[in-house]
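Student: any chance you could fold what I've pasted below:
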Amino acid sequence: MAAACEPDTPPPIEAEAPPSVPPRITAGDDELTVENAHYAVRFGLSPTFRVLSLDGRHGVACGPGLFMARRGLDYYPSDEMTLAGAPRIEGSRVTLRLRPPEDLSADFELTLQADESPELRMTLVVENRGDEPLALAVSFPELRGLRIADASDTWYFYPSHCARLSRRPGANRWPYGGRFPLQFFSVFNPRAGRGVYVCTRDTSGSDRDYWLNKRLDGIDAGIDYPDSLSIPPGGRRELPPTVIGLHSGDWRQAFEAYRDWARTWYVPGNHRPEWFRNVTHMRTYWTQTENPNVRPVYDVESGEYRVDEILDAEEQGFGRIDYAHFFDYRISERYGRWGDYDDFSAIGGAEAFSDCLRQFERRGCRTGLYMEGFLASLKSKVAAEHGDEWGMRSRGGGPLVKWPDSDDPTLAMCLFFPGWRQHLAQVAVRLRRQFDVDGIYLDEFGFNSSGYFCWSAEHGHPVPGRPLTAVVAAIREVKEALPEDVALYTEECPADVASRHADGAFGYYLSFNEQPHTPGRLNAHRFAFPEFHLLPYSAHAVAQGNFIDQPKFALLNGLAFYTSGIILEPQGERLFREIVKVLQDHREAFNSPDAAPLLAGETPGLLVNCFPGAEETVYAVFNAAWHTVRGPVLRLPAGGRYEAI
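Tutor: Predicted coordinates:
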């Protein structure tokens, strides 16, 4: 194993052609087998239902449980449940009714199906057999002690916002959303040439956590669904369809399987403007900040905007800036920071601000305006008129107020209310029309934060109301209201079901440097959906230490930049300008829909991403070792013309 500070990347494994075995299910009194050419999964049926072998013929082992239910502090693992009736077999599909101990009045209907693919398809339905509403948390699946041959060579790929690719012990848990935007994780052994992946097949945005913990003796992993959705007496709750893939190869086969499935439904709901994908450097500009690292474009003393003066200085340091994002233009002493966005008296009035935007455009900068997705200042007009109805409720039942002791206490608004979503869409359209901007930004919409759970029992949502499904609706409605040539972008890359309705996002993932678990600081969403324009937040204050690496990792992943208030030393300025120029000069290749992450390099420690364009293919190479690497880099086809850039 590599030293603790060294990157430890697995050798790539090609998938092997499986033997010819038709999908089938065989059942006896005590055992059930689901198999095809790729796997043979064995279950015990008596005295309880349990996993006997996940894929014994290929060395894939795990504990006896397949899922777990929880009510309060009481746990009900599937391997303690018994069959309520004989298995119902229909071709290569079997349905089992499982019953927990008598203190839980519920049945679990589990369906397993094999086909020609490496995937074991599963559904789980919870039925309430009792006389009272039932709130259950469910882990489905929950695999304990998962390993492929030797546990020390069992790796995992956990595609959080900064993907973790490692065989070292570690704990990972994120809610489905900005920190975990895709729907799968992978476990594999490159020596054995085998892999297992778990993937949900959900396009509704149901709330869940993906977790994976590597221990010395194996991996525990699963998907947790909360207990906020109560099942009425006689009612049912169906969890999203889920597959377990059992295959040859490594994490790349899991990634490709997810991407192939996502392409069947990931169709943007509105036109994505091509110009936005070509933005290489988005930068925040301030109109009235007191931040000492930022010089506002509006001079309060003179009442004048100084656009040319500031752009001249910044372009000398950064190179060309494609997009100017305005953050604090909206702040109003009378109506607060959030909610209305219609008082511009603090920055010279709407007409003067519009003239400022035109000056940026004359310098070649597209322009965009900030909006907050959840918040309305208590002194805003929208909060005064609709706050009692639309406002979130805390766990204690009162209004959910942020910063109550500040000079601008702010009400969190419940996105489940159509009225608040309509308000956001109307404000976005008005700002676009009033200032003729190119983009609208929705703050906080990439997250799935518990800070915005609504506990009202009168809003018509589960209690608590978790924001993801409502965020999906809000992004879609705002995007549909805007003209097609206007870009809509969010804070942090949202979950896949939400990102299809937006054009892009800026994200913080480059700051999550957890070497050696995160080689290349890979963002898997960027490669799964390359048409969604992701701009990593490179830094926002004085450039020190780690910042110098951030532009390098952005280039490795073919990503543009979002910056705000950086003060660079000469070395940093020169590096930043050079990288921005490479991204701008080769934008067509970096925009490729077929970008491929972490190719098989010829020398350990070298990370290679590929961007095949129509006119050229760009290979981005990064030395992740803590020493100089000499030797071959990549095996490429003969006869081409190659040059370093």
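
Student: doesn't Pro483 fall inside a strand?
Tutor: No - counting by DSSP: H, G, I helix; E, B strand; the rest coil, Pro483 is not part of a strand but coil.

Student: dump the residue contacts of the residue lying closest to it once chain neighbours are set aside.
Tutor: Spatial nearest neighbour of Pro483, chain neighbours left out: Arg432 (7.0 Å); criterion: Cβ to Cβ, 6 or more residues apart in numbering. Glycine gets a C-beta too; all of them are placed from N, C-alpha and C. Residues in contact with Arg432, defined by Cβ atoms under 8 Å, 6 or more residues apart in numbering, are Ile440, Leu482, Pro483, Val486.

Student: what score does Arg432 have for pLDDT?
Tutor: pLDDT recorded at Arg432 is 98.

Student: so which bits of whichever helix or strand it is part of are buried?
Tutor: Using DSSP states H and E, the element containing Arg432 is helix 418-435. By 16 or more other Cβ atoms under 10 Å, the buried positions in helix 418-435 come out as Trp420, Arg421, His423, Leu424, Ala425, Val427, Ala428, Val429, Leu431, Arg432, Phe435.

Student: closest to Leu534 among those residues?
Tutor: Checking the buried residues of helix 418-435 against Leu534 by Cβ to Cβ gives Ala428 as the nearest, at 21.1 Å.

Student: gap between the closest one and Gly218?
Tutor: 49 Å (Cβ to Cβ, to the nearest Å).

Student: equivalent analysis for Leu311, please.
Tutor: Leu311 is 56 Å from Gly218, by Cβ to Cβ.

Student: picking up where we left off before, may I have the helix holding Arg432 as PDB, with CA atoms only?
Tutor: C-alpha atoms of helix 418-435 as PDB (Å, rounded to 0.1, in the frame of the first residue of the first chain):
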ATOM      1  CA  PRO A 418     -46.700  27.200  -5.000                       C
ATOM      2  CA  GLY A 419     -47.000  30.900  -4.100                       C
ATOM      3  CA  TRP A 420     -43.400  31.300  -3.000                       C
ATOM      4  CA  ARG A 421     -42.100  29.400  -6.000                       C
ATOM      5  CA  GLN A 422     -44.300  31.700  -8.300                       C
ATOM      6  CA  HIS A 423     -42.800  34.700  -6.500                       C
ATOM      7  CA  LEU A 424     -39.300  33.500  -7.200                       C
ATOM      8  CA  ALA A 425     -40.200  33.000 -10.900                       C
ATOM      9  CA  GLN A 426     -41.800  36.400 -11.100                       C
ATOM     10  CA  VAL A 427     -38.900  38.200  -9.600                       C
ATOM     11  CA  ALA A 428     -36.500  36.500 -11.900                       C
ATOM     12  CA  VAL A 429     -38.500  37.500 -14.900                       C
ATOM     13  CA  ARG A 430     -38.700  41.100 -13.700                       C
ATOM     14  CA  LEU A 431     -35.000  41.400 -13.000                       C
ATOM     15  CA  ARG A 432     -34.200  40.000 -16.400                       C
ATOM     16  CA  ARG A 433     -36.600  42.400 -18.100                       C
ATOM     17  CA  GLN A 434     -35.500  45.400 -16.000                       C
ATOM     18  CA  PHE A 435     -31.800  45.000 -16.400                       C
END
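
Student: can you name the next helix or strand after that helix?
Tutor: Helices and strands here follow DSSP H and E; after helix 418-435, the next one along the chain is strand 439-443.

Student: which residues in the stretch 401-550 of the chain form strands?
Tutor: Under the criterion DSSP state E, counting those that start in this stretch, strands of the stretch 401-550 of the chain are mapped to 401-402, 410-412, 439-443, 487-491, 504-507, 533-536.

Student: out of these, which is closest to Trp211?
Tutor: From those, taking Cβ to Cβ, the stretch that ends up closest is strand 504-507, at 21.2 Å.

Student: that closest one pairs with which strands?
Tutor: strand 487-491 (parallel), strand 533-536 (parallel) (DSSP bridges).

Student: quick one, strands of the stretch 151-300 of the chain?
Tutor: Using DSSP E, counting those that start in this stretch, strands in the stretch 151-300 of the chain cover 155-158, 164-166, 170-175, 184-189, 194-200, 209-215, 218-225, 236-238, 242-248, 281-285, 298-299.

Student: which strands or helices does the lengthiest strand in the chain pack on?
Tutor: When the chain is parsed with DSSP state E, its longest strand is strand 137-148. Counting contacts by 3 or more Cβ pairs under 8 Å, 6 or more residues apart in numbering; DSSP states H and E, strand 137-148 is packed against strand 60-61, strand 68-71, strand 119-128, strand 184-189, strand 194-200, strand 218-225, strand 242-248.

Student: save the strands of the stretch 401-550 of the chain as JSON lines, and put in mean neighbour count and distance to Ser332 too.
Tutor: Output for those, formatted as JSON lines (neighbours: other Cβ atoms under 10 Å; distance: least, Cβ to Cβ, whole Å):
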{"stretch": "strand 401-402", "mean neighbour count": "17", "distance to Ser332": "17"}
{"stretch": "strand 410-412", "mean neighbour count": "24", "distance to Ser332": "13"}
{"stretch": "strand 439-443", "mean neighbour count": "24", "distance to Ser332": "17"}
{"stretch": "strand 487-491", "mean neighbour count": "25", "distance to Ser332": "21"}
{"stretch": "strand 504-507", "mean neighbour count": "26", "distance to Ser332": "25"}
{"stretch": "strand 533-536", "mean neighbour count": "25", "distance to Ser332": "28"}
